[in-house]
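1. below are the sequence and a predicted model for it; my questions follow.
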Amino acid sequence: MTLALVLRFAGRDWRAGELRLLFAALLLAVGAVSAVSLFVDRLQRALVVESTSFLGADRVIDSSQAIPERFRDLARAEGLRVVDVVSFPSMVFADSNSGRADGRSQLAGVKAVTPGYPLRGVLRVADEPFGASRVTSGMPELGEVWMDSRLFPALGVAVGDQVLVGHARFVVAKVIAGEPDRGGFSEFAPRLLMRAEDVPGTRVIQPASRIEYRLGLAGDDDRLAALKAAIESELAPNYRWRSIRDTGQDIARALERAESFLLLGGLLAVLLAGIAVALGANRYARRHFDHVGVLKTLGATPRDIQWGYTGVLLVIGIAGALIGLLLGALVHWAIIAALGDYLPRSLPWPGPRPLVVGLVTGFICLLAFALPPLLGLRKVSPMRVMRRDLAPSAAPFVTYGFGVVGSLGLLIWYSGDVRLTVAALVGGLVAGGCFAVVALVLLRGGRVVGMQAGSMWRLALAGLQRRHRENVAQIMIFGFAIMLLLIMVLVRTALIDEWRAQIPEGTPNHTLINVAPDEAASVQSMLESNADWAGELTPMTRGRVSAVNDVPAAQWSRRIRSQGVSEGERGPGPRLRSERPVTFLARLPDNNLVVEGEWWTETPEEPAISLTEDYAGHLGLALGDSMAFDIGGLPLVAKVTSLRRIQFESPQPYFYIIFSPGAMAGHPVTYMTSFFLPPEKKPFLNELLSAHPTVTVVEWDAIIAQVRRIVASVTQAVELVLYLVLAAGTLVLIASIQSSRDLRLKEHALLRALGGTRKLISGALVAEFTVLGAFAGVVAAAGAEITVWALNSGIFELPTRLHPWLLAAGPALGVAIVATVGYLGTRKLVFSPPITVLREV
Amino acid sequence: MPTSLLYATGLVKRVSTATGELTILDDVDVAVEQGAQLAVVGESGSGKTTLLGILAGLDLPSAGQVWLDGAEITALDEEQRARVRGRSVGFVFQSFQLIDSLTALENVMLPLELRGDGRARQGAREFLQRVGLAARTTHYPRQLSGGEQQRVAIARAFACAPKVLFADEPTGNLDTRTGARIADLLFNLNSEEATTLVLVTHDAALAARCGATLALEAGRIAGVQR
Ligand SMILES: Nc1ncnc2c1ncn2[C@@H]1O[C@H](COP(=O)(O)OP(=O)(O)OP(=O)(O)O)[C@@H](O)[C@H]1O
Ligand SMILES: [Mg+2]
């Protein structure tokens, strides 16, 4: 057979509408998969960019020592972009010479950076303290500093004034409203941003000062990996290589879950589209048995038939794949347009993978699902033209075998995740087997009951029973499709609930510290009338560890450090002897979880301490250790009675060290408290800080907004995938009903010719689809419940629970969908004269 | 090698059914010379269609041999038999067997296209004209009457100039007058094209127009008439 002839045959089949279902299924397979992969690819890139902005770079090397020049050279040689970030606390003085200021001073967290900062994320600035902020691509010039809003009232300066940092004088050029890597949650000091080149002039860096050095790196993943490999041996114990995944933030976990979900959705869309392709191809093949018989009598050889139909399939495949890709691209653009606000401003361009994924999916679908039934056509006997009973023996289950192998390959390749794939496949097979048994039993039972029912139902049930093989297959397909839909809905709901719960509306986004006891009442009343405030003041003070288990702190530190390996793994972290904020609490803070020991239920006799597990782990502390503190010159000894884990679900300040309430007695404290302030009320901070100049405000709102944005875009993506899976599921239903339509209609047309009324026949059709839908729904609800349980506990690590409403919702959904689609798909023919139906099928 | 255009000897066809083995044809010999016409007659169920299928190479006998146009088709595989069919055989069936998604013209073009004939369209048009359907070329089988459909089928059968035409009750689905016209058409084209004809029929008048008649009874030859 020549190509021209194949094309001509394909054209004629297309004209006759024989190829449309197959083509639509293929379009959907390729379209859905490429739209999902395109979108996910771009979203992932965007989310990586967005989340790496928490680091201000793709990777960072952190140290308490200066970063060796060699690291920088190697990084540049790899083609990576680098910036230096040096952070240290320093007093900042208002320059009394400038006339306006009165020589006030304030401790600031100085961050000195080199040009190029930040490598990821953006700097936000404002023209006046607490004013509206905007993104800037610039950075401080030499001799300039940018300062946090709250430094302005504290120092009594305005933009354009001068300040002193150490021995150097700087012009305050801008208000800094946000930087991507605004440091750990324990960093309270207001920010002062300056150029690294200006640091030597300040002469504040002394051998003993507490300085954090960071080298930010940005570039391709493989280049980053190459650099890491090159310097790996030199990193430990002084330098720590970090990526966003190492920061322990929940964002990273949310991202991983979202990726898994999108992947799962994509897989299900592929499977559904594959089933639709298989159904379409089966129908096409069945309708071509006669054609093949005739072609064979006209001299077509089996090879002609084989290559002819493979050719037609290839034509359809190429056209479907290309148009499907186009469709996928359009859909993904439409989604991006529709999601607009939720998405990061500029989505990076996709890599080539989504397109390849789309194309390969299309062709595997064709080869695994569509080719087998068509290849069966070559075996059709030419005697069929004379004896109609000679149906080819191409058993549909052989076809399913190809489909299973095909989908397995597709799934593994697409997901690259064997665990997810095997889970999906085993689940699918087990569910399929159970479905078949259940469907058979249900059909048998249906017959017994049906005998007593009215004639419409009897007709329907008799039909169901007579074609029980086809119907079991159909219940399985319906059930499978509905099950996949239910799974998506359930997992999606669980995921989104979980995410939404992480940062509920009204989460405190500002923290006040340094509230003196005599100011407490006034601050309280200001907060009550201006902010959304829970009304709790937390006492705090600053303390330093002097000894652990009677071993002096310096010695304990050395001992821990000398324990080689573990210290290398630990890297830089909190230091034992640093002075740090501590608090005294009766109640465990909301975002804390006790992982070892027990939280004190009532004020213990002996002073007790609770430590965060990372602090304890890093410094070699364990339950039962006794720690001696120097708090404002007064000693305090307490036993470690619990270890806590901080859940970063809402960015809140937290304490490494919490004392039991009784330990507070006699120690001078200040207070801290958190509250929610909407953006339009931010000027209130000016008022507050002017009235209480010594109070410090920590602003979390920028970080919260960033986390929200990420969660919102991931949520949108998840919903979108759900819709795509819905579309694929619907197509499967349509395909399945289409493929059973001919058989049903022929029967019903005969019945009508024999005197059955339209009402009876269409009633029987609806009854039949209703029964099928209900059975499929039961099967789907059971399957979905089991699978969701497994998925939530195994892969998404979400809380598992039962959904009893499924048992009602599944069948209801099944009946609604199947009866509607089935009725709409067959109605036209029920209402046309029986003769046309008989002629057509 | 036999000299007849179509020659079969010792044909047996057995099928296994649920109730045991069934012999449909038993020791049937057939010889048809170039340009001759053979009518196969017999009661319903006597095995006529089965015999025709085997003679035309659509089916294989359980025993016996068939030579068609110089080739022993019972010794060929399906691939080669299909080529013999394409080259030497035309068919007309009781149930017309037109492809319903193709127009009348496309149905007639089909065998020509399959053998790679570049002039398929002209050839098909010419034959449709000869069967009197020049005006219906773009119509689909569904839009044609039974008689018209059978004429399209006849045009298709003759379009590739077969050496032997096999017809299984070509008038069986038609009323008497239409049937007679179709029969006329068939015999006229047959003599114009000098085709050999093997015809299965219940119609005694039709059988009488053939040079020879072979009567089957329960799968055995009950008589041959020349
Ligand atoms: N594959 C088969 N399996 C079982 N029985 C068969 C098969 N093929 C033919 N038969 C039987 O063989 C007998 C002959 O069939 P055939 O179709 O050749 O008869 P026929 O003479 O053409 O009859 P009619 O005039 O009704 O067309 C019939 O009884 C038929 O049922
Ligand atoms: Mg017959």
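-> Structure received. Treat the numbers as computed from the prediction; the structure is a model and nothing was measured. Ligands and ions are numbered 1, 2, ... in the order given.
2. what's the neighbour count on A:Asp614?
-> Using other C-beta atoms under 10 Å in any protein chain shown, A:Asp614 has 17 other residues around it. Heads up, the C-betas are built off the backbone N, CA and C, glycines and all.
3. quick check: it vs A:Ala4, distance?
-> Distance of A:Asp614 to A:Ala4, given as C-beta to C-beta, to the nearest Å: 72 Å.
4. following the longest helix seen in chain A, which helix or strand comes up?
-> For chain A, the longest helix by residue count, based on DSSP state H, is helix A:701-753. For helix A:701-753, the succeeding helix or strand toward the C-terminus, using DSSP states H and E, is helix A:758-794.
5. give the buried residues for that next one.
-> Going by neighbour count (16 or more other C-beta atoms under 10 Å in any protein chain shown), the buried part of helix A:758-794 is A:760-788, A:791-792.
6. same deal with stretch A:468-485?
-> Applying 16+ other C-beta under 10 Å to stretch A:468-485 flags A:468, A:471-485 as buried.
7. and which of these is nearest to chain B?
-> A:His468 (20.1 Å; C-beta to the nearest C-beta).
8. what pLDDT is listed against the closest one?
-> Looking at A:His468, its pLDDT is 72.
9. now do the SS call for B:Thr49.
-> Three-state assignment for B:Thr49 (DSSP: H, G, I helix; E, B strand; the rest coil): helix.
10. dump the residue contacts of residue 13.
-> Assuming you mean chain A. Residues in contact with A:Asp13 (C-beta atoms under 8 Å, 6 or more residues apart in numbering or on different chains) are A:Leu19, A:Tyr284, A:Val312, B:Ser101.
11. my bad, chain B
-> By C-beta under 8 Å, 6+ apart, the residues touching B:Lys13 are B:Thr23, B:Ile24, B:Leu25, B:Gly47, B:Thr50, B:Ile54, B:Asp59, B:Pro61, B:Ser62, B:Gly219.
12. so which residues on chain B come close to chain A?
-> Residues of chain B found near chain A (C-beta under 8 Å from any C-beta of the partner chain) are B:49, B:52-53, B:56, B:58-59, B:78-79, B:82-83, B:85-87, B:89, B:91, B:93, B:97-99, B:101-102, B:106, B:110-111, B:113-116, B:142, B:156, B:160, B:168.
13. pick out the residue of the stretch 1-150 of chain A closest to ligand 1.
-> A:Glu18 (28.3 Å; C-beta to the nearest ligand atom).
14. circling back to that earlier point, any chance of the contacts of A:Asp13 in a markdown table, plus secondary structure, neighbour count and pLDDT?
-> As requested, the contacts of A:Asp13 are arranged in a markdown table below (DSSP: H, G, I helix; E, B strand; the rest coil; neighbours: other C-beta atoms under 10 Å in any protein chain shown; pLDDT from 0 to 100):
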| residue | secondary structure | neighbour count | pLDDT |
| --- | --- | --- | --- |
| A:Leu19 | coil | 24 | 84 |
| A:Tyr284 | helix | 24 | 84 |
| A:Val312 | helix | 24 | 88 |
| B:Ser101 | coil | 20 | 85 |
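15. sec struct for whichever residue of the stretch 501-650 of chain A sits closest to chain B, please.
-> Closest approach between the stretch 501-650 of chain A and chain B, counting by C-beta to the nearest C-beta: A:Ala501, at 57.7 Å. Following three-state DSSP, we place A:Ala501 in the helix state.
16. what is the neighbour count of it?
-> Residues contacting A:Ala501 under the criterion other C-beta under 10 Å number 9.
17. Three-state assignment for the residue of chain A found nearest chain B, please.
-> Taking C-beta to the nearest C-beta, chain B has its nearest neighbour within chain A at A:Gly299, 1.9 Å off. Following three-state DSSP, A:Gly299 is assigned to coil.
18. tell me the contacts of the closest residue to it other than its chain neighbours?
-> Leaving aside its chain neighbours, A:Gly299 sits nearest to B:Gly86 (1.9 Å; criterion: C-beta to C-beta, 6 or more residues apart in numbering or on different chains). When contacts are counted by C-beta under 8 Å, 6+ apart, B:Gly86 touches A:Leu298, A:Gly299, A:Ala300, A:Thr301, B:Pro111, B:Leu114, B:Arg115, B:Cys160.
19. name the SS class of B:Gly86, please.
-> Here B:Gly86 is recorded as helix under three-state DSSP.
20. how far away is B:Ser46 from B:Leu25?
-> Taking C-beta to C-beta, one finds B:Ser46 at 10 Å from B:Leu25.
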